[in-house]
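Chemist: Sequence plus predicted model, see below.
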Amino acid sequence: MGAKNILFIMCDQLRWDYLACYGHKTIRTPNIDALAARGVRFDRAYVQSPICGPSRMSFYTGRYARSHGSTWNNAPLRVGELNIGDHLNPLGMRTVLSGKTHMAADLEGMKRLGIDPASEVGTQLSQCGFESWDRLDGLHPSKGKKRPQFYNQYLNDKGYDGPNPWESWANSAEGEDHELLSGWLIAHADKPARVKAEDSESAYTTDRAMAFMDQAGDKPWCLHISYIKPHWPYMAPAPYHGMYSAADVPPVQRDPVEKDNPHPVLGAYHQHRFAKVYDRDGVRERLIPAYMGLITQIDDQIGRLVDYLDRTGQAAQTLIVFTSDHGDYLGDHWLGEKELFHDASARIPLIIMDPSASADATRGTVSDELVESIDLLPTFVDVAGGQVRHHILEGHSLMPILEGRQNGPLRDCVFSEYDYAYRKARKMLGKDIGDCRLQMVFDGRWKMVAASGYRPMLYDLQTDPDEFHDLGAMAQHQPVIDRLSARLLDWATRHHNRITRSDSDVEMVGGSEFAYGIRIGFWDETEQAEAEALGDGGN
């Protein structure tokens, strides 16, 4: 029996190497490790943009950022861009959200087309194709406008008072004099959040997901459980805040050579506050134990979910995906946050456990295929029994890998993009808004980052796996740059937007104008008669 349902689990800002099954020496992630032991762990998976919004839009559309057009956080995904619901709902599979999407609705586009955002169609467009069972984007500062769909009311009902308990309880600590200590400040990352662990965002998102499954009935579903953590604010509830110490913090991966005449874009990023804070002694030792605690808390939630599926008899029919939307520099390469293309930022964990007998041969294996986040939606279409529409979906189904029938490499390169126009780096460099484009191409050894107006960055991960040495200015590597530049150009000039007509449609329509009486290039009636006899207009 094949999988009927899909549990699509995503963390936010989880580095690929902060799980035990990916090699971290001290973090405790037994439930995620067990999932890897029962499925396939993909070792070279990359996002299509190393920042929340564009990355997630690529996950949810199966398309590159240049294709879907949402190139930064809160840039609306345009009306007409097909999403996960458009692909799975017609196959009889519900698409349901518990947690974060970072989706920004194209309200102007809907207004132009006369679509009421509150209508059934408008809601589907506003939520990127998901039924919003419980949306919790996890970034709700009191000075902002966005609020959780239900979480604040849940906290108030539990006795956590205040107009925004997401901030004052779930992401704040308490001082000795009962004063609030903001989770936005790294100085407080070693303190426990005021909220109890069972009422924190991660536990709540799990509770809500199980509540959906309790009442879902027999109709197949794809449930997206999307945890905001371990994304900042870096504040964990007790006991997770104190599970790890400075002794568990891996050595920082940075080298002075990275600051010696760096590429202009990298050098500008070194000047951002979120990078410079890691120059302060003790920051990583204060922050990373909390980051690790949040990951272990999520691992406990994975254990709850797996136990729930076993207990309710749904495990044998549920394919489980575990992944992240991007990584976190955590001070590596003299950087913070994400946004550039070192593996700390652009590489993600990806584990898929297919309960089907057809996947038995690959259980516990590790795939070194070059995988992109856009491969998940074609995989889901496969699971739902549909045909992948390759003129729309730009990734590849991973089912042949899961079932041990993949012939040859999945692809020769992975691609990722970023637009730094929104960052201070643009002003530091004096760049026009339209000239802040970065594109990464990685062939498994060589990673090149094209930067509009500058030479490319180039790293050889075979001889320099830590990505310390940018070789982009060295003449001896020009052949590699030329090869990867040609590959990048070929990718960039592909059909990215012919989504209303498939290749088979093109094959069928080509030359058909003759059958409809259109005569182009004929000299006289004799030529026309000959063509009519052949049934071919010659065009």
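Modeler: Yep, it's here.
Chemist: count of neighbours near residue 155?
Modeler: For residue 155, the count of nearby residues is 23 (other C-beta atoms under 10 Å). C-betas here are computed from N, CA, C, even on glycine.
Chemist: and the helix or strand containing it, what other elements does it pack with?
Modeler: Assessed by DSSP states H and E, residue 155 sits inside helix 151-157. For helix 151-157, the elements it packs on are helix 165, helix 201-215, judged by 3 or more C-beta pairs under 8 Å, 6 or more residues apart in numbering; DSSP states H and E.
Chemist: Repeat the analysis, applying 7 Å as the threshold.
Modeler: Applying 3 or more C-beta pairs under 7 Å, 6 or more residues apart in numbering; DSSP states H and E, we find helix 151-157 packed against helix 165.
Chemist: So what touches the helix it packs on?
Modeler: Applying C-beta atoms under 7 Å, 6 or more residues apart in numbering, the contact partners of helix 165 are 152, 155-156.
Chemist: Next one: residue 182 from residue 288, what distance?
Modeler: 19 Å (C-beta to C-beta, to the nearest Å).
Chemist: Residue 28 is in contact with residue 296, isn't it?
Modeler: Yes. Residue 28 is within contact range of residue 296, at 5.3 Å (criterion: C-beta atoms under 7 Å).
Chemist: how does the chain divide into domains?
Modeler: The chain breaks down by automatic domain parsing into domains covering 5-412, 503-534.
Chemist: The first one: end-to-end distance?
Modeler: Taking C-alpha to C-alpha, to the nearest Å, the span from the opening residue of domain 5-412 to its closing residue is 31 Å.
Chemist: Now do the helix or strand of the chain with the lowest mean pLDDT: distance to the chain's middle.
Modeler: Sorting the helices and strands of the chain by mean pLDDT, DSSP states H and E puts helix 503-509 at the bottom, at a mean of 89. The chain centroid and the centroid of helix 503-509 are separated by 33 Å under C-alpha atoms, centre = their mean, to the nearest Å.
Chemist: Just want the most central residue of the protein.
Modeler: residue 325 (3.0 Å; C-alpha atoms, centre = their mean).
Chemist: Enumerate every residue touching the nearest residue to it once chain neighbours are set aside.
Modeler: Distances taken as C-beta to C-beta, 6 or more residues apart in numbering place residue 55 nearest to residue 325, at 4.6 Å, with adjacent residues excluded. Shown in contact with residue 55 (C-beta under 7 Å, 6+ apart): 47-49, 325-326, 373.
Chemist: 10 Å - rerun?
Modeler: 10, 12, 47-49, 65, 70, 73, 102, 324-326, 338, 346, 348, 373, 416, 418 (C-beta atoms under 10 Å, 6 or more residues apart in numbering).
Chemist: And the helices in the stretch 51-200 of the chain?
Modeler: Secondary structure of the stretch 51-200 of the chain (DSSP state H, counting those that start in this stretch): helices located at 52-61, 65-68, 84-88, 107-113, 120-126, 151-157, 165.
Chemist: Including distance to residue 210 and pLDDT, could the contacts of helix 165 go into a markdown table?
Modeler: Output for the contacts of helix 165, formatted as a markdown table (distance: C-beta to C-beta, whole Å; pLDDT from 0 to 100):
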| residue | distance to residue 210 | pLDDT |
| --- | --- | --- |
| 152 | 21 | 97 |
| 155 | 19 | 98 |
| 156 | 22 | 98 |
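Chemist: Now distance to residue 246 too, for the residues you listed, in CSV please.
Modeler: Formatted as CSV, those follow (distance: C-beta to C-beta, whole Å):
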residue, distance to residue 246
152, 34
155, 32
156, 36
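Chemist: Just give me the closest of the residues you listed to residue 133.
Modeler: Closest to residue 133 out of those is residue 152 (16.5 Å), distances taken as C-beta to C-beta.
Chemist: OK, contacts around the closest one?
Modeler: 136, 140, 160, 162-167, 169-170.
Chemist: between these, which is closest to residue 411?
Modeler: residue 136 (34.1 Å).
Chemist: Read off the pLDDT value for that closest one.
Modeler: Model confidence at residue 136, expressed as pLDDT, equals 95.
Chemist: Neighbours of it, how many?
Modeler: So residue 136, with other C-beta under 10 Å, has 26 neighbours.
Chemist: How about the contacts made by it?
Modeler: Counting by C-beta under 10 Å, 6+ apart, residue 136 has contacts 97-101, 147-152, 154, 166, 201, 204-205, 208, 226-228.
Chemist: Give me the buried subset of these.
Modeler: 97-101, 147-148, 150-152, 154, 166, 201, 204-205, 208, 226-228 (16 or more other C-beta atoms under 10 Å).
Chemist: And the residue at the greatest distance from the centre of the chain, how far from residue 533?
Modeler: Here the chain reaches farthest from its C-alpha mean at residue 526, the gap being 61.1 Å by C-alpha atoms, centre = their mean. For residue 526, the distance to residue 533 equals 11 Å [C-beta to C-beta].
Chemist: Equivalent analysis for residue 275, please.
Modeler: 73 Å.
Chemist: likewise residue 469?
Modeler: Distance from residue 469 to residue 533, by C-beta to C-beta: 69 Å.
Chemist: Which one's more surrounded, residue 275 and residue 533?
Modeler: Taking other C-beta under 10 Å, residue 275 and residue 533 do not tie; residue 275 has more neighbours (18 against 8).
Chemist: quick one: contacts for the more buried one?
Modeler: With C-beta under 10 Å, 6+ apart, residue 275 has these contacts: 268-269, 329, 331, 333-337.
Chemist: go with 7 Å
Modeler: 269, 334-336.
Chemist: On the three-state scheme, it is what?
Modeler: helix (DSSP: H, G, I helix; E, B strand; the rest coil).
Chemist: Regarding stretch 532-539, how distant is the last residue from the first?
Modeler: End-to-end distance (C-alpha to C-alpha), stretch 532-539: 13 Å.
Chemist: which residues touch residue 231?
Modeler: Residue 231 neighbours (C-beta under 7 Å, 6+ apart): 12-13, 138.
Chemist: So it versus residue 56, what's the distance?
Modeler: In terms of C-beta to C-beta, residue 231 sits 12 Å off from residue 56.
Chemist: ok, now residue 450?
Modeler: 23 Å.
Chemist: Of those two, give the one with the bigger neighbour count.
Modeler: The residue with more neighbours, out of residue 450 and residue 56, is residue 56; 28 against 21, by other C-beta under 10 Å.
Chemist: Just the pLDDT at that one, thanks.
Modeler: So residue 56 comes in at 98 (pLDDT).
Chemist: doesn't residue 100 make contact with it?
Modeler: No. If you go by C-beta under 7 Å, residue 56 and residue 100 don't touch, sitting 8.0 Å apart.
Chemist: Would you mind writing the CA trace of the helix holding residue 155 as PDB?
Modeler: C-alpha atoms of helix 151-157 as PDB (Å, rounded to 0.1, in the frame of the first residue of the first chain):
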ATOM      1  CA  TYR A 151      -2.100  31.700  19.200                       C
ATOM      2  CA  ASN A 152      -2.400  35.000  21.200                       C
ATOM      3  CA  GLN A 153      -6.000  34.100  22.100                       C
ATOM      4  CA  TYR A 154      -4.900  30.600  23.200                       C
ATOM      5  CA  LEU A 155      -2.200  32.200  25.500                       C
ATOM      6  CA  ASN A 156      -4.700  34.700  26.900                       C
ATOM      7  CA  ASP A 157      -7.200  31.800  27.600                       C
END
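Chemist: What mean pLDDT does the helix or strand that that helix is followed by get?
Modeler: Downstream of helix 151-157, the next assigned helix or strand under DSSP H and E is helix 165. Model confidence over helix 165 averages 97 on the pLDDT scale.
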